[in-house]
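In: here is my input, please return the structure:
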Amino acid sequence: AMKVDGQELNPNRAVYLLPAATQFETSGSATASNRSVQWREKVIEPLFESRTDHMIMYQLAEKLGFAKELVAKIKLVPGKGGMMEPEPESMLEEINRGTWTIGYTGQSPTRLKAHMRNMHLFDVKTLRAKGGKDAATGYDITGDYFGLPWPCFGTPEMKHPGSPNLYDTSKHVMDGGGNFRANFGVERDGVSLLAEDGSHSVGSDITTGYPEFDHILLKKLGWWDDLT
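Out: Have a look, this model is predicted:
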């Protein structure tokens, strides 16, 4: 039995240190604290025994027997030493397919890469692109906020610009605005913390503040029969 400082180690409670690569040794998207997403390019190959996070996850899934399920809709590409790993672009597209309701869907690799190549076209104060097209792809970045800050609703083709400020009711939701709707903690000392009547974003069908969106409200709005 292995001992450390005289203490016998339990082999069933071992700690494994996996050699994960740094951001410089891989590519992919990274979300900043202001909710903007950046695309990072690989600078060097992973050093020594290190491997990318997604290669480690894929190889661990192989050992546990569910690798095919993990990458069922993700493209595999050769990585370090010719070992296969999930493609970062394909991983982001799969994430987008599974997060439709929260608006993490419009940040495609194509759009993000165009932003990184054309940082000079974005206003440093508003973060919005003044205009211009990406020379590599022809993508028109006009109106986009840098990094397409979450939430960025719809498909990439819908070109939602991203939301630079949360709950900005001065803009339409599809122009980067947003509504505040609490589902918990809505009252303090007997006083409601919900937005009052008259608080709504531009173009909103709901003009009476932001109650919890349930079946009762759906019927009141006349949208119940639209459901399939």
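
In: who touches Trp39 in this structure?
Out: Ser27, Gly28, Ser29, Pro109, Leu112, Lys113, His115, Met116 (CB atoms under 8 Å, 6 or more residues apart in numbering). In short, each C-beta sits where N, CA and C put it, glycine included.

In: which residue ranges of the protein form strands?
Out: Using DSSP state E, the strands of the chain run over 3-4, 7-8, 28-31, 37-40, 76-78, 84-86, 187-188, 191-192.

In: mind putting the contacts of Trp39 into JSON lines with neighbour count?
Out: Shown next, in JSON lines, are the contacts of Trp39 (neighbours: other CB atoms under 10 Å):
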{"residue": "Ser27", "neighbour count": "16"}
{"residue": "Gly28", "neighbour count": "21"}
{"residue": "Ser29", "neighbour count": "19"}
{"residue": "Pro109", "neighbour count": "20"}
{"residue": "Leu112", "neighbour count": "24"}
{"residue": "Lys113", "neighbour count": "20"}
{"residue": "His115", "neighbour count": "26"}
{"residue": "Met116", "neighbour count": "14"}
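
In: now these in CSV, with pLDDT?
Out: Compiled in CSV, those are given as follows (pLDDT from 0 to 100):
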residue, pLDDT
Ser27, 94
Gly28, 94
Ser29, 94
Pro109, 96
Leu112, 97
Lys113, 97
His115, 98
Met116, 97
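
In: Gln7: which of the residues you listed is nearest?
Out: Nearest to Gln7, judged by CB to CB, of these is Gly28 at 40.1 Å.

In: show me what that closest one is bridged to.
Out: Arg40 (DSSP bridges).
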